[in-house]
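Q: Quick one, structure for this:
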Amino acid sequence: MPLLDCIEVTPSVPAIRSVIWLHGLGADGSDFEAIVPELRLPAELGIRYVFPNAPSIPVTINGGMLMPAWYDILSMNIERELDMDQLLASAQAVHDLIDREIERGIPSENILLAGFSQGGAVNYQAALTYPKPLAGLLALSTYFATAASVKPSGANPQLHVFVAHGSLDPVVPEELGQRSVDDLRKLGLAPTYRAYPMQHQVCGEEIEDMAEWMTQVFEGPRE
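A: Got it, this is the predicted structure:
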């Protein structure tokens, strides 16, 4: 299977770390490209940002309209009925991108996954099932769609996870973000959870919190 088409933002120094960031339904790789300068992460971290573009597929909840999506959503009820095979295929596509970063000289421990909404659901699956240790996972305004079926690889028993959600989100209710945290804890993980007075979006305070968390994850424990 060919690699996903991606937008890349390269560092001013040689890349030694990577962030693979998945967009949400109906968006594309450019959706979070503008967040890179807003994070204001230290240049010496040498982070290459990879923003994949989802393929365009018919989406049932939108009348079968073709749009960029990581998987089809059949129903928007709280349980989120979706095409699980498509989600798993998208998670495998993320694994392929991780493999490429490793081939380009980035240790797996220096690769962080991030995802918004649909992209976050895919990256829950991708991060937990990848067979090598990863730096961490940013799960933004999303839900853990495969919590009941995921089979963690065992390579990331202490994966760093930052879960962020809008307390006013009308698209993915905050309940789903909180449920994801509970499910992660059942797997033995200790996620960081933050809620913000926003809808289905990203806000300035959240960006600051993400930047602080990413810096700590990439730099390791501080004295």
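Q: got a list of what residue 24 touches?
A: Applying Cβ atoms under 8 Å, 6 or more residues apart in numbering, we find residue 24 in contact with 31, 116, 117, 118, 119, 141. Heads up, the C-betas are built off the backbone N, CA and C, glycines and all.
Q: Filter these down to the buried ones, PyMOL style.
A: Entered in PyMOL, the line below selects the buried ones among the contacts of residue 24, by 16 or more other Cβ atoms under 10 Å:
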select buried, resi 31+116+117+118+119+141
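Q: JSON lines for the contacts of residue 24, including distance to residue 128?
A: Formatted as JSON lines, those follow (distance: Cβ to Cβ, whole Å):
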{"residue": "31", "distance to residue 128": "24"}
{"residue": "116", "distance to residue 128": "18"}
{"residue": "117", "distance to residue 128": "18"}
{"residue": "118", "distance to residue 128": "17"}
{"residue": "119", "distance to residue 128": "15"}
{"residue": "141", "distance to residue 128": "19"}
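Q: Quick check: residue 157 touching residue 188?
A: Yes - between residue 157 and residue 188 there is a contact at 6.4 Å, judged by Cβ atoms under 8 Å.
Q: Tell me which other helices or strands the longest helix seen in the chain touches.
A: With DSSP state H setting the assignment, residue counts place helix 84-103 as the longest helix in the chain. Packing partners of helix 84-103 (3 or more Cβ pairs under 8 Å, 6 or more residues apart in numbering; DSSP states H and E): strand 17-22, strand 47-52, strand 111-116, helix 118-129.
Q: between these, which one is nearest to residue 84?
A: Smallest distance to residue 84 across these (Cβ to Cβ): 9.6 Å, for helix 118-129.
Q: got the angle for that closest one vs helix 84-103?
A: For helix 118-129 against helix 84-103, the angle by axes from the mean of the first three to the mean of the last three Cα atoms, to 10 degrees is 70 degrees.
Q: Run through the neighbouring helices and strands of helix 118-129.
A: strand 17-22, helix 84-103, strand 111-116, strand 136-140.
Q: Okay, angle between that helix and strand 111-116 too, please.
A: Using the same axes, to 10 degrees: helix 118-129 against strand 111-116 is 150 degrees.
Q: average pLDDT for helix 118-129?
A: Helix 118-129 shows a mean pLDDT of 98.
Q: got it, and stretch 48-58?
A: Here stretch 48-58 scores 98 as its mean pLDDT.
Q: How about it, which residues are buried there?
A: 48, 49, 50, 51, 52, 53, 54, 55, 57.
Q: element containing the closest residue to the first one other than its chain neighbours, please.
A: It stands for residue 48. Leaving aside its sequence neighbours, residue 48 sits nearest to residue 15 (Cβ to Cβ, 6 or more residues apart in numbering; 4.0 Å). Residue 15 belongs to no helix or strand when elements are defined using DSSP states H and E.
Q: Isn't residue 23 up against residue 32?
A: Yes - checked against Cβ under 8 Å, the pair residue 23 and residue 32 is within contact range at 6.2 Å.
Q: so what sits against both of these two?
A: Joint contacts of residue 23 and residue 32 (Cβ under 8 Å, 6+ apart) are 51, 116.
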